[in-house]
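Peer 1: any chance you can model this:
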Amino acid sequence: MNGLLKLDRLDIAILSHLQKDGRISNVNLAEAVGLSPSPCLQRVKRLEAAGFIAGYEAHINLAKITGSVSVFTEVTLAGHRREDFQRFEQRLAQVTEIMECHVITGGYDYLLRFMTRSIEHYQQVIEGLLDDDIGIEKYFSYIVIKSPILKSSMPLQDLLGHPEKADNEESPACR
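Peer 2: Predicted structure coming up:
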């Protein structure tokens, strides 16, 4: 399984269902995608072995546990050599409050998403990064007030060009 595995509509359907409910039983998954349990389980194992399924996780309802603040932060580095980016990213990898780190195009170098206990906690974290002198030239913070749309599953059929259209045919995007 060297990444040359071709995904057909059943593989895509399995992936779509599993990303929405990773705890679905094999029997229910098989029924949902129109297979018998044994071939469905074989496909799931093949998708796992090929790396299409990276893992399974629980989605925690943080509001039931504690209050929190989500903060998006734009960061511009003072230097733009490879070493500058590597040093910055190595340090960020140690910050447990950073949930996402994206290298992006535009007017700044990184877009980060922090999850902290409070705004004060966020300020302590960002000041700690500034004190570490890891090359931050400037940063802008955006406190999330409300998140009316949050999705954890990807629209696989849309991203792959609607492979569900033809029952016995692979989508060109899946080859």
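Peer 1: so Ile98 sits against Leu112, correct?
Peer 2: Yes - between Ile98 and Leu112 there is a contact under Cβ atoms under 8 Å: 5.7 Å. Bear in mind the C-beta positions are built from the backbone N, C-alpha and C, glycine included.
Peer 1: quick check: neighbours shared by the two?
Peer 2: Leu92 (Cβ atoms under 8 Å, 6 or more residues apart in numbering).
Peer 1: these two: which is more packed in?
Peer 2: Taking other Cβ atoms under 10 Å, Ile98 and Leu112 do not tie; Leu112 has more neighbours (21 against 17).
Peer 1: per-residue pLDDT of that one, please?
Peer 2: Looking at Leu112, its pLDDT reads 98.
Peer 1: could you number the chain from 2 rather than 1 from now on?
Peer 2: Okay, residue one is now 2; in that scheme the one you just asked about reads as Leu113.
Peer 1: sketch out the low-pLDDT regions of the protein for me.
Peer 2: Counting by pLDDT under 70, the chain contains low-confidence residues at 2-5, 163-176.
Peer 1: so which residue is dead centre in it?
Peer 2: Ser153 (7.6 Å; Cα atoms, centre = their mean).
Peer 1: mind listing the strands for this structure?
Peer 2: 70-78, 99-104, 111-117, 137-144 (DSSP state E).
Peer 1: need those strands in CSV with distance to Gly23, can you?
Peer 2: Output for those, formatted as CSV (distance: least, Cβ to Cβ, whole Å):
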stretch, distance to Gly23
strand 70-78, 23
strand 99-104, 19
strand 111-117, 21
strand 137-144, 31
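Peer 1: Phe89 is nearest to which of these?
Peer 2: Ranking those by their distance to Phe89 (criterion: Cβ to Cβ) puts strand 70-78 first, at 6.0 Å.
Peer 1: the closest residue to Arg24 other than its chain neighbours - how many residues pack around it?
Peer 2: Of all residues not flanking Arg24 in the chain, Tyr57 sits nearest, at 7.7 Å (Cβ to Cβ, 6 or more residues apart in numbering). Look at Tyr57: counted by other Cβ under 10 Å, it has 10 neighbours.
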